[in-house]
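Novice: need the 3D shape of this:
(chains A and B)
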Protein chains: 2
Amino acid sequence: MTETDVVNFCMLTGNWLELHSNVEHAKSSLYGQRLVQGSLVFAIVNAMIPFDSSVLAAFYGCDKLRFLRPTFINDTLWARTEIIDLKDHDERHGVVTSKLEGINQRDETVLRCEFSLLIRKSRLDRPGEPAKIRAAHDKTQGQSA
Amino acid sequence: MTETDVVNFCMLTGNWLELHSNVEHAKSSLYGQRLVQGSLVFAIVNAMIPFDSSVLAAFYGCDKLRFLRPTFINDTLWARTEIIDLKDHDERHGVVTSKLEGINQRDETVLRCEFSLLIRKSRLDRPGEPAKIRAAHDKTQGQSA
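Specialist: Numbering: from 1, shown residues only, chains lettered A, B, ... in the order given. Just a heads-up that it's a prediction; the model follows:
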């Protein structure tokens, strides 16, 4: 999490809270320095999960999100995830819930939540892929992609 | 939520999920068009709340976050919030929980959650403010800022 990320996120959201953007104010704050925005930590940690575009339908929701430790500028985050629940939703979709954790270079869990995605029961097989690309792909992979 | 926001958010997070970035793929997806990222909707809706920097200590957590309806490119979001719980936390802080909703121009609630902040019991009175600014401010406001 670089300072650039923090400032770009202020620009993107239009929220310039002094806790994240004002060095002098942050010196008097709880941790004595600027904090990385919680929403940004959440976004980055879940963005690190390698989702499968052929089955992901939508972000369903999130429960029990807690920021257990602060994230500072120049911290490095890792993501760990484990599927904890599978539910049927409708004819074409189910909901997959994962325990998701964000862990920093000091081995501290900075974020924990239960993260739920709406998942297709049948795959979208690379829609819109040009025929030439598909032919080349099938040749490399064998006929079953 | 403009297309620029969606693409900038892909760049910021490094997550180029086809659901958000690939027009052809999105045509075959659940809603037939690109979705605005749920994490971005969450970030924008909570960023619209006018937080008070003199008491806000940190983002504590979030419960029961649900994306009830999709957010599309060029949708306009509003935020509505209502305090539903106040808890003591430690000598210097409490936790304030709000019901937070994101509502679009079609009057649909797209997001709902319970959003909790760590709040200082005593104010940070504009730390780092230069004496000249403070004097001018006190003059305008009367002696009690």
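
Novice: low-confidence regions, chain A specifically.
Specialist: Residue ranges of chain A with pLDDT under 70: A:142-145.

Novice: for it, what spans make up the helices?
Specialist: Using DSSP state H, the helices found in chain A span residues A:3-13, A:18-21, A:23-27, A:38-47, A:131-141.

Novice: deepest of the ones you listed, which one?
Specialist: Across these, averaging neighbours per residue (mean count of other CB atoms under 10 Å in any protein chain shown) puts helix A:38-47 on top, at a mean of 23. Glycine gets a C-beta too; all of them are placed from N, C-alpha and C.

Novice: could you name the helices and strands sitting against that helix?
Specialist: Packed against helix A:38-47 by the contact rule (3 or more CB pairs under 8 Å, 6 or more residues apart in numbering or on different chains; DSSP states H and E) you find helix A:3-13, strand A:56-67, strand A:77-90, strand A:93-104, strand A:109-120, helix B:3-13, helix B:38-47, strand B:56-67.

Novice: how far away from the center of its chain is the third one?
Specialist: Remark: strand A:77-90 is offset 12 Å from the chain centroid, using CA atoms, centre = their mean, to the nearest Å.

Novice: what strands line up against it, and which way round?
Specialist: Take DSSP bridges as the rule and strand A:77-90 pairs in its sheet with strand A:93-104 (antiparallel).

Novice: extract the C-alpha trace of the strand it pairs with and format it as CSV.
Specialist: What follows is strand A:93-104, C-alpha atoms only, in CSV (Å, rounded to 0.1, in the frame of the first residue of the first chain):
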residue,chain,number,x,y,z
HIS,A,93,-26.8,-19.5,-9.3
GLY,A,94,-25.4,-20.4,-5.9
VAL,A,95,-23.7,-18.3,-3.2
VAL,A,96,-20.2,-19.2,-2.1
THR,A,97,-19.0,-17.8,1.2
SER,A,98,-15.3,-17.6,2.1
LYS,A,99,-13.5,-16.6,5.2
LEU,A,100,-11.2,-13.8,3.9
GLU,A,101,-8.2,-12.4,5.8
GLY,A,102,-5.7,-9.7,5.0
ILE,A,103,-2.3,-10.2,6.6
ASN,A,104,0.7,-7.8,6.6
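
Novice: any residues touching it, and which ones?
Specialist: A:41, A:44-46, A:49, A:57, A:60, A:69, A:71, A:75-89, A:109-121, B:30 (CB atoms under 8 Å, 6 or more residues apart in numbering or on different chains).

Novice: so which bits of that strand are buried?
Specialist: By 16 or more other CB atoms under 10 Å in any protein chain shown, the buried positions in strand A:93-104 come out as A:93-98, A:100-104.

Novice: which ones are touching the closest residue to A:Leu40 other than its chain neighbours?
Specialist: In space, and not counting its chain neighbours, A:Leu40 is closest to A:Phe9: 4.6 Å by CB to CB, 6 or more residues apart in numbering or on different chains. A:Phe9 makes contact with A:20, A:37, A:39-40, B:12, B:43, according to CB under 8 Å, 6+ apart.

Novice: tell me, what residue is most central in chain A?
Specialist: In chain A, the residue lying closest to the centroid (CA atoms, centre = their mean) is A:Asn46, at 1.6 Å.

Novice: can you give me the neighbour number for A:His89?
Specialist: 14 (other CB atoms under 10 Å in any protein chain shown).

Novice: who's the residue nearest to it when sequence neighbours are not counted bridged to?
Specialist: Distances taken as CB to CB, 6+ apart place A:Val95 nearest to A:His89, at 5.1 Å, with adjacent residues excluded. Note on A:Val95: beta-bridge partners A:Lys87, A:Leu118, judged by DSSP bridges.

Novice: if I look at A:Val95, how far off is A:Asp52?
Specialist: Relative to A:Asp52, A:Val95 is positioned 15 Å away (CB to CB, to the nearest Å).

Novice: also A:Ile44?
Specialist: Distance from A:Ile44 to A:Asp52, counting by CB to CB: 19 Å.

Novice: try A:Glu114
Specialist: 20 Å.

Novice: those two: which is more packed in?
Specialist: A:Glu114 (17 against 11).

Novice: go ahead and confirm the more buried one touches A:Asn46.
Specialist: No: using CB atoms under 8 Å, A:Glu114 is not in contact with A:Asn46, being 11.7 Å away.

Novice: residues of stretch A:114-127 that come out buried?
Specialist: Neighbour-count burial for stretch A:114-127, counted by 16+ other CB under 10 Å, picks out A:114-120, A:124, A:126.

Novice: just the CA coordinates for that stretch, please, in PDB.
Specialist: The C-alpha atoms that make up stretch A:114-127 are tabulated as PDB, following Å, rounded to 0.1, in the frame of the first residue of the first chain:
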ATOM      1  CA  GLU A 114     -17.000 -13.500   5.500                       C
ATOM      2  CA  PHE A 115     -17.100 -12.700   1.800                       C
ATOM      3  CA  SER A 116     -19.900 -14.000  -0.400                       C
ATOM      4  CA  LEU A 117     -20.100 -14.200  -4.200                       C
ATOM      5  CA  LEU A 118     -23.000 -15.100  -6.500                       C
ATOM      6  CA  ILE A 119     -21.600 -18.000  -8.700                       C
ATOM      7  CA  ARG A 120     -23.000 -19.300 -12.000                       C
ATOM      8  CA  LYS A 121     -23.800 -23.000 -12.200                       C
ATOM      9  CA  SER A 122     -22.800 -23.200 -15.800                       C
ATOM     10  CA  ARG A 123     -19.600 -21.700 -17.300                       C
ATOM     11  CA  LEU A 124     -19.400 -18.700 -19.600                       C
ATOM     12  CA  ASP A 125     -17.000 -20.000 -22.100                       C
ATOM     13  CA  ARG A 126     -14.900 -17.000 -23.100                       C
ATOM     14  CA  PRO A 127     -17.800 -15.100 -24.800                       C
END
